[in-house]
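*Asks:* could you work out the structure for the sequence below:
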Amino acid sequence: MTAFESIQVLKKSMSKSIIGQEKLIDQLILVLLANGNVLLEGLPGLAKTRAIKSLAKELNCGLSRIQFTPDLLPSDVTGTEIYQPELEDKFIFQKGPIFSNLILADEINRSPAKVQSALLEAMEERQVSVAGKTYKMEPLFMVMATQNPVEQEGTYPLPEAQMDRFLMHVTIDYPDDASELAIMRLNRNEQKKSKKEEADEKLSPQVIFEARDEISKITISENMERYIVDLISATRYPEKYSEELDSWIDFGASPRGTIALDRASRVHAWMEGKQTVTPDNIRAVIHDCLRHRLILSYEANAEGISANNVIDAILKQVAVAG
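*Replies:* This is a model prediction of the structure:
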């Protein structure tokens, strides 16, 4: 079975237990294949936790869940040195939950900045430094952070520097009525089942590395590269396109936004069985790649203009490079 076929099996297996959230499954797999991190925003009960648990289960890899709370300490995330007088070195490093393959940072905005920043080095550099020593993360590593969009009391909004570390910011909504019915029936069936042996064969994490090798060979033409750069430029210099757009944006996307669009669009093309990136691949990922990288103006907020609205306007204004 090829890497592409294995990823299709992975999607199919996850969709059996996560109903009505096909986009969530696709974006989780896309971010993992792109070797990035993802921020999920949605109301409680929309299968955020279930999704990453299902991904870890189907890939047969490690999963750590960190419940972010106001009293959490950075060492609770990264680990700490423990004094052992009977040993020659005296101190040994006890690894924290960040040392796993998939990390669920649940309600990340409930912890203060010092704890949030403990994730930064792991997310960006794939390593953790404690007491002057550096410890590498697992080769297969992804942080999936969640936050609740409605409960803002007692929360610490993520600073722009940390938001920029996420390859994608995915928002999820309620499932439709047909999916809701299927979810109810699935839950009922799961409660009936006894804990019998799970005969389903799990995929090897090696599949992800094989897929990444294939994705690295996906070509992107100079026209598509220029299209990505033009889209990013429109967020930084909106006055070149329209007064309305200029009034909505205070600060545009950083170079990480350019890199995110390039990586995500190539993965999206590969997942669709294509060998080269098209404008449709770029448009399919641009909202998730840029919505957390735009800082909107007071006027935009007053008018109820969202980042999605701004990105929609940019897509209408920026033409594909000819």
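
*Asks:* secondary structure class for the residue nearest to Ala260 when sequence neighbours are not counted?
*Replies:* Leaving aside its sequence neighbours, Ala260 sits nearest to Cys289 (C-beta to C-beta, 6 or more residues apart in numbering; 4.3 Å). Quick note: C-beta positions are derived from backbone N, CA and C, even for glycine. At Cys289 the chain is in helix, as set by DSSP: H, G, I helix; E, B strand; the rest coil.

*Asks:* is it correct that Cys289 is in contact with Ile259?
*Replies:* No - if you go by C-beta atoms under 8 Å, Cys289 and Ile259 don't touch, sitting 9.4 Å apart.

*Asks:* who's more crowded, these two?
*Replies:* The neighbour comparison of Cys289 against Ile259 (other C-beta atoms under 10 Å) goes to Cys289, with 29 against 16.

*Asks:* measure the more buried one to Ser265 for me?
*Replies:* Between Cys289 and Ser265 the computed distance is 9 Å (C-beta to C-beta, to the nearest Å).

*Asks:* list residues touching both of those two?
*Replies:* Common contacts of Cys289 and Ser265 (C-beta atoms under 8 Å, 6 or more residues apart in numbering): none found.

*Asks:* quick one, what contacts the residue nearest to Ala260?
*Replies:* Taking C-beta under 8 Å, 6+ apart as the test, what Cys289 contacts is 167-168, 257, 260-261, 264.

*Asks:* just give me the closest of the residues you listed to Glu214.
*Replies:* Ala264 (15.7 Å; C-beta to C-beta).

*Asks:* does the closest one touch Asp288 like I think?
*Replies:* Yes - counting by C-beta under 8 Å, Asp288 is a contact partner of Ala264 at 7.4 Å.

*Asks:* now do the shared contacts for the two.
*Replies:* Joint contacts of Ala264 and Asp288 (C-beta under 8 Å, 6+ apart) are Met168.

*Asks:* so of the contacts of Cys289, which ones are in strands?
*Replies:* Met168 (DSSP state E).
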